[in-house]
Structures are given as C-alpha cells and as structure tokens.
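Asks: need coordinates for the following:
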Amino acid sequence: MGKIYDIQGHHDQALSHYTKSLELLMSLNAKPNIAYTLINIGATFAEKEEYLKAKDNYMQSLIISEKNNDNILMSNAIIGLGYIEQKLGKYSLAMDHFSRALKLTKKSGDKEAISSSSLGLAAVHALQGNHPKAIEYATNALEIASMIPSQTKAAAKTLYESFKAIGQNRKALEMYELYIQMDDSIVNEETQKASIRQQFKFTYEKKAVADSLQHAAAIGEQDIKIAFQNKLGGVLLGSLFIVLVFSFLLFKRFKITRNQKRIIEDASIKTKDSIQYAERIQQAILPSMGYIESCLDEFYILYKPKDIVSGDFYWMQHHKDRVYFAACDCTGHGVPEPL
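Replies: Predicted structure coming up:
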C-alpha cells in the first residue's frame, strides 16, 4: 500500500503505511525487511525534499544491512545517501558514497544498482565541471541500463549536457535525441498505466453498484435500482471524459515530439552542410602534392584532422630562390553552432 501511494505521489499516505509496516517488522525482528522499509521511507522523505529525515532513515538502514552483510541493501542505502549529499551540495561526500556503492553493486551483480551508482558519479562530476569523467560514467550507465527507460533518460541527459559543455555538438545532438525518445516512452507508459488504473476503478465501481442492485432486489427497494442507474451513468460519463482527456494529451505530446524532431533534423542538416562546405574551402587552401614535390626534394606531411575539418592547416609558397611554409591555426573555421 505504501509503494502504491508513493507511485501516485501521495507521500504522506505512503509514509503512514510504511511506518505501520516498520512497527510490525520491528516486533518480528525481521532485520532485512526493516532495512528495506527504512530505504523506502528515506526515498519518500527525499521526494518531499526533507533531506535530513531522508538521510537519517538511510543511515539506519545502512547500519542494519552492514550487520547482516547484505550487499544489495547496503548499496541501495549508500546510493540514497549519495543523492542526499549531492542535493545538499556536499559533492565530495556524494562522490565517496557513489564510489563505495559501485564497488558493492559490482560484487552483487545488480545491474540497476550499478547503473544508479554510475549515474550518481556522472552527475557529481558534471556538477564539478569534470565533463570527461561525467561522460565516462554516464556512458557506462547507458550501456548497463539500456532496458530501463528512466535510467537511460537520466544517462542521456547527463551525456547531452557534458558533450555540449566540451563542444562536441554532434554527440550532444545524438544524446538529446535519445533523451527526447526516452521521455516520450516514459510519458506514454505513465499514460497507459493511468488508463489501466481507471479501468480497474471503473470495474470496481460497476461491481459495487451491481452488488447494491442485488441487495435492492432482495429487499425489494425500487429506489436503489434508480440509484444504480444514476451511478452507472455517472461512471460511464466520467470514464468517457478521462478517455477524451488522455486522447488530447497524447495528441498534444505527439505534436510537440514531431516539432522537436523536425528542429533537430534541420539543425543536423545545417551543421553537416556547413562542415562539408568548410572542408571544401580548407582543401582548396592546402597546397597540392605536385606543387610541393616541385619545390622540395625530400619532405613529409603529418596532417590528421580530428573531425572532417581541421582546426590547423599548412601553407607553402615558392618565391624566387626561397620556399616559405607555415603551420597555421584557425578558430571556429566557419562552422556555426546547431540551433
């Protein structure tokens, strides 16, 4: 019940059920279940942004898990502590927690926990401006969490921000597209779940009304039959309204996604065209091999552009009895940033 309320965003009701569960488990001295429930309580307080209470519950869970030598519960509690320290701006402590959790999760083989630990490290490195390390950990998380939409979305977001920060716009664009794709997938999944919940609710209400009708038939009260008909009509109208709302939201989301895709495709084409145009200009500037051979007896050229267009280029000119040559550097080389 606590988990259900938590998923629905009713955190106070969730805490009420978790607390009742915790009291029963403590009376039974069920240590692993106590540690698991404390993690749930900590996560709920974190959602409510009551970070000190969340930290206290994670610490209690960690102490119990360490005594039981339960690596899975230990790692979950430590990951929770890492996110709390990150939220509080204590990046060094957060890094320590996530590193410790990563070691434990690799021992247990829990892929979701490994991904969570790596994502935590990636986020902290990104916040500290260490984008190469953020890319390394987020890439590892992305490979492990390929079947978990929420973690794939988080990894793609971190990679997009880090690639953009270091000027690797092409890779940033790829990660942004993946982030949008995962976001749409999660939205559609949540919409489907909400629809299923509403169907269950409708079925339950319909059965409740049917039971009332049977009771009315048994006691011969005509007014209960009328109440049933009114109730059923209201339920049907309510269900129809919900279906229409969901249909409108899905259509609106589809339009947004289509526009985003068009913008991304236009930016990608413009960037590619600009790079290819810049390449042609640069190739035209470079002296030909035949010209170099006519001026020099022995030579070699090391020219290795990092991408399609190089930030550096060479130049040579023969004038009278001298040969002038240069290695030059240019900034930006005419390639605009994508929109």
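
Asks: report pLDDT for I64.
Replies: Note on I64: pLDDT of 92.

Asks: which stretches of the stretch 151-300 of the chain have low pLDDT?
Replies: 185-224 (pLDDT under 70).

Asks: can you show me the helices along it?
Replies: For the stretch 151-300 of the chain, the helices defined by DSSP state H, counting those that start in this stretch cover 169-219, 222-285, 289-295.

Asks: just checking, F299 touches I292?
Replies: Yes. The pair formed by F299 and I292 meets the contact definition of C-beta atoms under 8 Å, at 6.3 Å. (C-beta placed from N, C-alpha, C; glycine too.)

Asks: if you count what's nearby, which of these two comes out ahead?
Replies: Higher neighbour count among F299 and I292: I292, with 17 against 12, using other C-beta atoms under 10 Å.

Asks: and that one, how far is that from K320?
Replies: 17 Å (C-beta to C-beta, to the nearest Å).

Asks: ditto for Q283
Replies: Computed with C-beta to C-beta, the distance linking Q283 and K320 is 28 Å.

Asks: how about L250?
Replies: For L250, the distance to K320 - C-beta to C-beta - is 75 Å.

Asks: looking at the two, which is more packed in?
Replies: Remark: of L250 and K320, L250 carries more neighbours, 13 against 5, as counted by other C-beta under 10 Å.

Asks: can you tell me the centre-most residue of the protein?
Replies: Per C-alpha atoms, centre = their mean, the C-alpha nearest to the average position across the chain is that of A154, at 1.7 Å.

Asks: okay, that one and S115: tell me how far apart.
Replies: Plainly put, A154 is 9 Å away from S115 if you go by C-beta to C-beta.

Asks: now do the shared contacts for those two.
Replies: Residues touching both A154 and S115 (C-beta atoms under 8 Å, 6 or more residues apart in numbering) are A141.

Asks: in contact with I39, which residues are there?
Replies: Counting by C-beta under 8 Å, 6+ apart, I39 makes contact with 57-58, 61, 73, 76-77, 80.

Asks: now the two most distant members of those.
Replies: N57 and L73 (12.8 Å; C-beta to C-beta).

Asks: from L52, how far off is Y58?
Replies: For Y58 relative to L52 (C-beta to C-beta), the value is 11 Å.

Asks: of these two, which one has the most company?
Replies: Shown here are Y58 and L52; by other C-beta under 10 Å, Y58 has more neighbours (27 against 9).

Asks: of all the residues in stretch 272-285, which ones are buried?
Replies: Neighbour counts over stretch 272-285 (16 or more other C-beta atoms under 10 Å) mark 274-275, 278-279, 282 as buried.

Asks: between these, which sits nearest K255?
Replies: S274 (28.9 Å).

Asks: could you point out which element follows the helix or strand hosting L52?
Replies: Taking DSSP states H and E as the criterion, L52 maps to helix 51-68. Using DSSP H and E, the helix or strand that directly follows helix 51-68 along the chain is helix 71-87.

Asks: list of residues touching that following helix?
Replies: 32, 35-36, 38-39, 42-43, 46, 49, 51, 54-55, 58-59, 61-62, 64-66, 91, 93-95, 97-98, 100-101, 104-105, 107-108, 110, 113, 116-117, 120, 123-124, 127.

Asks: run the chain-centre distance for it.
Replies: Put simply, helix 71-87 sits 18 Å off its chain's centre (C-alpha atoms, centre = their mean, to the nearest Å).

Asks: again, but for stretch 137-152
Replies: That offset, for stretch 137-152, works out to 8 Å (C-alpha atoms, centre = their mean).

Asks: may I have that stretch as CSV, with CA atoms only?
Replies: Extracted C-alpha coordinates of stretch 137-152, given in CSV (Å, rounded to 0.1, in the frame of the first residue of the first chain):
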residue,chain,number,x,y,z
TYR,A,137,30.4,7.1,-16.0
ALA,A,138,27.2,8.1,-17.9
THR,A,139,28.3,6.0,-20.9
ASN,A,140,28.8,3.0,-18.6
ALA,A,141,25.4,3.6,-17.1
LEU,A,142,23.8,3.9,-20.5
GLU,A,143,25.3,0.6,-21.6
ILE,A,144,24.1,-1.2,-18.5
ALA,A,145,20.6,0.4,-18.3
SER,A,146,19.6,0.0,-21.9
MET,A,147,16.4,-1.7,-20.9
ILE,A,148,15.5,0.8,-18.1
PRO,A,149,13.8,3.9,-19.7
SER,A,150,14.1,6.1,-16.6
GLN,A,151,17.9,5.5,-16.2
THR,A,152,18.5,5.6,-19.9
